[in-house]
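Structure, please.
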Amino acid sequence: MIAVPSPNNPSADHKVRAVLGPTNTGKTHLAIERMCAHSSGMMGFPLRLLAREVYDRVRAIKGDKAVALITGEQRIEPPDARYFCCTMEAMDRLGGGHAFVGIDEAQIGADPERGHIFTDRFLNARGREETMILGSATLEPMVKSLIPDATCEERPRFSTLSHVAPAKLSRLAPRSAVVAFSVEQVYAMAEALRRFRGGAAVVMGALSPETRNKQVELFQNGEVDYIVATDAIGMGLNLDLHHVAFAALSKFDGKRKRRLTPAEMAQIAGRAGRHQRDGSFGTLAGGGDRSGAPLEFTDEEVYAIEEHQFQPITKLFWREAEPRFDTLSVLIGDLERRPQEQALRAAPEAIDLAVLKRLAGEPIAQTIKGSGLVRRFWGACSLPDFRQLGVDPHARFVARLWQDLAQGYLGADFVAARIAELDQTSGDIDTLQGRIAAIRSWAYICQRPDWVLARDEMAARARAVEAKLSDALHARLTERFVNRRTTILMKSLGQDASALPVTLEADGRMTVEGESIGKLDGFRFSVDPDATLADRKMLLAAGEKALPGILAKRAEWLLTDGLAELTLKNGSIEWQGRTLADIAFGDDFAAPRIALSREIAMLPDGPRTALENGLSEWVAAQLGPLEPLKKLAEAARDPDAGSEARALLITLVDARGVVSREKAGLQHLPKETRPFLRRLGVTFGALDIFARDLLKPGPRQLLHKLGLDKRPLQKSMLPVLAESKSLPAGYRPAGGQAIRVDLAEKILRAAFEERGKAIDGQPDGRKEKSPRFRLDLALPVSIGLEEENARRLLGSAGFRLHRARTLAEGAHGPLAPDFWTWRPRRAGDNRRRQRSAQKAKGKGRPSQKPKTNAPSKPGHNGGRKQSQRPATRKPDTGPARASGAFDGLADLLRK
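Below is the predicted model of the structure:
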């Protein structure tokens, strides 16, 4: 029944104060101030998150022990609490006897679904000293009709709300909200904003209050500049919005799709412009209905929203708040009773009444007898349908719940198992929303005073799981609809380059407020490979804007502390695997020229010049091992050296210190110039002319790194190598092996010394031009050559092996030693040998026919028996393979 002033309701209507007006008028702030001015108070709010917001504000004023939060799913009630912040359903319908009572958003009494709850509090909740009703100005006729002694005051909006032309989604100004009326459209708008503007926060009625708060905080903190929401944004959310853009002007209200009323439009549009800052509203360009009509407000709607002129509320929905619980039929009859006041209208059948009526026709209803069970059954039917499943599924859930409630309490083990089933954070957005809706049902059940054993423990578990799921849902929404990197860059690109918050990390990554935009390898910036095609241009622009300053600091550090990290490779200076500069040398090898790479172009002029000079000095300091080559080059330019010596030096420099005698053109070199060349470190060998100091590992490695010698490199310059297809610089072939040219010369020089001894040891008058002599191969073997390969090397220098004749069968005596002879090599010997070998190979016969020594006569060597040898001997060992690797001097002298 409707409450009227009576001894049981001591608060008279003349103590009721109705503060009415549009959004952004400070009504809620005023009510909080008034409640805190009294000794106690209670306020009812339409949303749990709004009740939580006010709870936090009042707690900051009065302290934790004095303030309570009461909602269907959560109850924080200190023993000495004097101020209560409640959802409207959880609020005491008479005000709880507190000095102050406040009712927020009272115009919701005209809502078909929840209106009867607000109407009941509007009519019955009173404070001992003051009652404040807050709502839209459209509520004024209802206040005057139902509470005639109440005082009404209207508060003006602090800021102006203006209509603007439609705008494309990609061109929405920052701090804008996009309002849609379906989950699919909300997701589509959020996805588009992620591509265009880096992302958006998402607010929907289906989200848990915790998730909604986290998404709002994402927007309020400036991490994103846009928010996409349903009409849930229109109530209880105080946002720092400048503009509200409607993606649609129609919604499905549960029965049909209809156009929003001007008052509903204004409730949403009024979120724009807070305090003294003006706001705007409009539609998104490109929208419209199926007929192709553009999405636009009518002139009448624009006028109503801007001037806050709306059709007044003429009816409030009402339902009996204190029904009788004699039987289920009596209960249903009272809940369906029509009001007697003309200003009230019977509320449509809500889901709690629909569930009650559905289960009243089931066999389960036969066991519900007596007012106690009927009241308890009605409490079960009043469980909110958080999952939004509809009457039939929700009725089945209530019926299953009643099977335990009818016997007493829900067991703690049973409730704990149901809560544990929902304690999973895997899954997509829709899956997590479903779990949150289910856990909210159990949180509501655990808050009932006589439903669950170990109520406090189970309620705490349910709240913990809801918080965990809400965090996971917030993370999924942020992951899907927010590109934090793009958001940050969109804010920063209009700033001065020095103000762009780009940081160079230790691993070379360039970040903006912790978000990677790319990587700096050496002095080369590359965009993050994970960036989308649409983001690459923006990331590149952000990187290039900050690069000059970062590269200047990097160049300064490199010249002071990082020179040890520089390397030489293929004629370039490299750092961190990237080329900084190419190196070019003149004829004297004294002053290398540095050509900076294009990656250095982003450096300012001053740092670039300093880097170029520093690199030149560093390269010059590395050239110490090439001092012998530098001396040769300087002598080659000296006119006093003589043209023949200079020509040889030029050839030797071009060959990087080693040239074969065949290519050197020694026939044109006067002998008197050789001492001069030897003083420069030039060695005239039997097979090669070389600068011995350039055969060390240091010079050879440096020549290779500088790109001055493209031949293969033997880093350690080992004495002997296994022969390979590509002969390293400073080596010559020796049969199946390769030997360093200076060691080859050592072996050949020892052979010539043995020949000289043989010549000197001949009797006078019987001297031969090519005397026979013996050679000990211990020296080449000790160096690492195999005996056969040593013989091939000696053959290359003109030495010829003669095998001793074998003894005939049955002959006795010591073995005759092998002997060697030497004759000068003639020009073209190697080429003739190669052609002869190829010709023989082409005819399919061996290139050299083995020769057989004649058997010795019987009785030779005094008839002593000798060990037998094969009747044939091996062919004479020819010269080792040789080739000219450099341009010779002969062609120069012919000019």
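
Do a quick rundown of the strands in the stretch 501-650 of the chain.
Taking DSSP state E, counting those that start in this stretch as the test, the strands found in the stretch 501-650 of the chain are 502-504, 509-512, 515-521, 524-527, 567-569, 572-575, 578-584, 593-596.

Let me know which of these is the nearest to residue 368.
Smallest distance to residue 368 across the strands of the stretch 501-650 of the chain (CB to CB): 60.2 Å, for strand 515-521. The C-beta positions use only the backbone N, C-alpha and C, and glycine is treated the same way.

between that closest one and strand 578-584, how many degrees?
Using axes from the mean of the first three to the mean of the last three CA atoms, to 10 degrees, the interaxial angle of strand 515-521 with respect to strand 578-584 works out to 20 degrees.

Adjacent strands (with direction) for strand 515-521?
Its sheet considered, strand 515-521 pairs with strand 509-512 (antiparallel), strand 524-527 (antiparallel) by DSSP bridges.

Next, format those strands as a markdown table and append mean neighbour count, distance to residue 138 and mean pLDDT.
What follows is the strands paired with strand 515-521, written out as a markdown table (neighbours: other CB atoms under 10 Å; distance: least, CB to CB, whole Å; pLDDT from 0 to 100):
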| stretch | mean neighbour count | distance to residue 138 | mean pLDDT |
| --- | --- | --- | --- |
| strand 509-512 | 19 | 48 | 74 |
| strand 524-527 | 18 | 55 | 76 |
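
residues near residue 413, how many?
For residue 413, the number of neighbouring residues by other CB atoms under 10 Å comes to 10.

separation between it and residue 169?
In this view, residue 413 and residue 169 are 52 Å apart by CB to CB, to the nearest Å.

do the same with residue 250
As defined by CB to CB, residue 250 lies at a distance of 19 Å from residue 169.

Serialize the strands paired with strand 515-521 to CSV and add fields for distance to residue 129.
Converted to CSV, these look like this (distance: least, CB to CB, whole Å):
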stretch, distance to residue 129
strand 509-512, 56
strand 524-527, 66
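
Of all these, which one comes closest to residue 464?
Proximity to residue 464 (CB to CB) singles out strand 509-512 among the strands paired with strand 515-521, at 34.7 Å.

could I get that closest one in CSV with only the CA atoms?
Below are the C-alpha coordinates for strand 509-512, written out as CSV (Å, rounded to 0.1, in the frame of the first residue of the first chain):
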residue,chain,number,x,y,z
ARG,A,509,64.8,-1.2,-28.5
MET,A,510,63.2,2.3,-28.8
THR,A,511,60.2,2.6,-26.6
VAL,A,512,57.6,5.3,-25.8
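
quick one: low-confidence ranges for the stretch 401-550 of the chain?
Applying pLDDT under 70 to the stretch 401-550 of the chain flags the ranges 483-501, 513-514, 530-539, 542-544.

any idea how far the residue nearest to residue 650 when sequence neighbours are not counted is from residue 669?
With CB to CB, 6 or more residues apart in numbering as the measure, residue 636 is the residue that lies nearest to residue 650, at 5.0 Å, once sequence neighbours are left out. With distances taken as CB to CB, residue 636 is found 14 Å from residue 669.

now swap in residue 50 and tell me
Counting by CB to CB, the gap from residue 50 to residue 669 is 104 Å.

now do residue 283
Using CB to CB, residue 283 is found at 96 Å from residue 669.

between the two, which one's more packed in?
For residue 283 and residue 669, the more surrounded residue by other CB under 10 Å is residue 283, and the numbers stand at 23 against 20.

On the three-state scheme, that one is what?
Three-state assignment for residue 283 (DSSP: H, G, I helix; E, B strand; the rest coil): strand.

Spit out the contact partners of it.
Contacts for residue 283 (CB atoms under 8 Å, 6 or more residues apart in numbering) come out as 166, 245, 246, 247, 249, 295, 296, 297.

Restricted to buried residues, select the residues you listed in ChimeraX.
Command for ChimeraX that selects the buried part of those, burial taken from 16 or more other CB atoms under 10 Å:
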select :166,245,246,247,249,295,296,297
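
can you put the contacts of residue 283 in TSV and add secondary structure and pLDDT?
Output for those, formatted as TSV (DSSP: H, G, I helix; E, B strand; the rest coil; pLDDT from 0 to 100):
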residue	secondary structure	pLDDT
166	coil	90
245	strand	93
246	strand	93
247	coil	90
249	coil	90
295	coil	83
296	coil	89
297	coil	91
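
burial count for residue 564?
The number of residues packed near residue 564 is 6, by other CB under 10 Å.

Please tell me how far it sits from residue 249.
Summarising the geometry, the distance separating residue 564 from residue 249, computed by CB to CB, is 69 Å.
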